[in-house]
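Asks: got a predicted structure plus its sequence, pasted below:
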Amino acid sequence: MQKKERQLTPIEQKRKEDFEKTCEEMAQKGYLKRDLTVGVLQANIMAVIIMLPFAILALIMYLFANSSNSRNFSFSLSTCIIFLIALLLLTVLHEAIHGLTWGFFAKGHWNAIAFGVIWKMLTPYCACTEPLTKQQYIVGAAMPTLILGFGLAGIAASIGSYGLFALSEIMIFGGGGDFLIILKLLLYRCRNREVLYYDHPYECGVVAFEKK
């Protein structure tokens with residue numbers, strides 16, 4: 001059975017048309033298209049599996065650094081509100097870091113970056129509308145989790161902040177989809193050395209353009 005495509009927003013439809021033009025141009029230049037995208041549901045499930053060992057490692061680091069800290073963390077209404085606001089801001093910042101990193105590598109810089117939300121799955125995303133090398137794409141994909149996940153976990157462990165550590169753990173799991181794509185890129189074996197990776201404009205994953 002053919003996979004049913006989700007309904008695209010007008011902006012996504014425009015990016016789809018631009019993407020199809022890019023595919024045609026790359027084909028004319030002698031590149032073969034390889035689809036490395038994943039479904040949103042698969043990405044969300046695999047995110048937990050892939051990031052669980054990292055989350056456990058961060059927890060061990062936190063407990064080891066704060067073994068003598070016996071303070072109990074209590075939740076109040078104001079604490080929950082602040083936590084949820086911080087989580088929302090970090091989620092937005094996660095995508096912004098993607099954009100800033102990929103924009104640094106892209107020829108069009110910030111103009112080559114597009115943002116969107118898959119409302120059906122409540123999944124925000126950032127896409128680079130220019131082909132990148134494998135190294136450039138991986139750096140941009142990993143940077144938010146390195147900063148907001150592992151970086152915040154290190155800070156939380158050093159100051160003994162339960163709330164900050166909880167946010168860092170969520171950010172680690174939130175980067176699971178990115179690390180799934182990174183894993184697909186690392187496992188992808190191109191037949192030729194010259195290959196560029198184009199961030200899919202509205203789906204999770206990338207398209208590899210491999211030189212014939």
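Replies: Perfect, I can see it now.
Asks: from residue 123, how far out is the closest residue to residue 105 other than its chain neighbours?
Replies: In space, and not counting its chain neighbours, residue 105 is closest to residue 136: 4.2 Å by C-beta to C-beta, 6 or more residues apart in numbering. Using the backbone N, CA and C atoms, a C-beta is placed for each residue, glycine as well. Applying C-beta to C-beta, to the nearest Å, the value for residue 136 to residue 123 is 23 Å.
Asks: with residue 28 instead?
Replies: 33 Å.
Asks: any weak-confidence spans in this structure?
Replies: The chain contains residues with pLDDT under 70 at 1-6, 8, 68-75, 120-122, 191-192.
Asks: name the nearest residue to the residue nearest the centre of it, sequence neighbours excluded.
Replies: The residue lying closest to the centre of the chain (C-alpha atoms, centre = their mean) is residue 178, at 3.6 Å. If you skip the residues right next to it in sequence, residue 178 has residue 141 as its closest partner in space, 4.5 Å away by C-beta to C-beta, 6+ apart.
Asks: that neighbour: which element?
Replies: helix 134-144 (DSSP states H and E).
Asks: again, but for residue 55
Replies: helix 40-65.
Asks: which stretches of this protein form strands?
Replies: For the chain, strands defined by DSSP state E occupy the ranges 31-38, 113-118, 123-128, 131-132, 195-199, 204-211.
Asks: show me what the first one packs onto, helices and strands only.
Replies: Meaning strand 31-38. helix 10-28, helix 176-187, strand 204-211 (3 or more C-beta pairs under 8 Å, 6 or more residues apart in numbering; DSSP states H and E).
Asks: and for the fourth one?
Replies: Of the remaining helices and strands, those touching strand 131-132 by 3+ C-beta pairs under 8 Å, 6+ apart are strand 195-199.
Asks: counting contacts, what elements does the strand it packs on pack onto?
Replies: Using 3+ C-beta pairs under 8 Å, 6+ apart, strand 195-199 sits against helix 10-28, strand 123-128, strand 131-132, helix 134-144, strand 204-211.
Asks: of the ones you listed, which is nearest residue 54?
Replies: Closest approach to residue 54 among these (C-beta to C-beta): helix 134-144, 11.6 Å.
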